[in-house]
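Engineer: Below is the structure, and that's it, no one-letter string:
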């Protein structure tokens, strides 16, 4: 088994463990598992990993922000945040 290389400082991985996803959302693991409506990916065996972009979209929906694309292109941020 090869050793995982650390990411460069300031780079958030795309796939997050449950603990990382909860921290990314600013809540505890139990609260995350009970309330966040995102299913984990199971593309690497039994590991449960959460897509950071899917979390961003879910959080945008919870905040009432219009979600039009993964990158946020097409969102009128001035209107959405006013």
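Structural biologist: Structure received. What you see is a predicted model; the values in this text were computed from it and never measured.

Engineer: Hmm, residue 54 is touching residue 38, no?
Structural biologist: Yes - counting by CB atoms under 8 Å, residue 54 does reach residue 38; the two are 5.3 Å apart. Backbone N, C-alpha and C define where each C-beta goes, glycine included.

Engineer: any chance you could map the helices in this protein?
Structural biologist: Here the chain has its helices, by DSSP state H, at 18-25, 29-35, 52-62, 77-80.

Engineer: Can I get these in TSV including distance to residue 6 and mean neighbour count?
Structural biologist: TSV is the format used below for those (distance: least, CB to CB, whole Å; neighbours: other CB atoms under 10 Å):
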stretch	distance to residue 6	mean neighbour count
helix 18-25	14	17
helix 29-35	22	12
helix 52-62	17	15
helix 77-80	32	10
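
Engineer: Ok, which of these comes nearest residue 7?
Structural biologist: helix 18-25 (11.5 Å; CB to CB).

Engineer: ok, residue 37 - contacts?
Structural biologist: residue 58 (CB atoms under 8 Å, 6 or more residues apart in numbering).

Engineer: Now do it against residue 57, distance only.
Structural biologist: To residue 57, residue 37 is 11 Å away according to CB to CB, to the nearest Å.

Engineer: ok, now residue 36?
Structural biologist: Distance, residue 36 to residue 57, using CB to CB: 12 Å.

Engineer: Now list whatever residues contact both of those two.
Structural biologist: With CB under 8 Å, 6+ apart, residue 36 and residue 57 have no common neighbours.

Engineer: Can you report how many residues lie near residue 17?
Structural biologist: 15 (other CB atoms under 10 Å).

Engineer: excluding its backbone neighbours, what's nearest it?
Structural biologist: residue 49 (6.5 Å; CB to CB, 6 or more residues apart in numbering).
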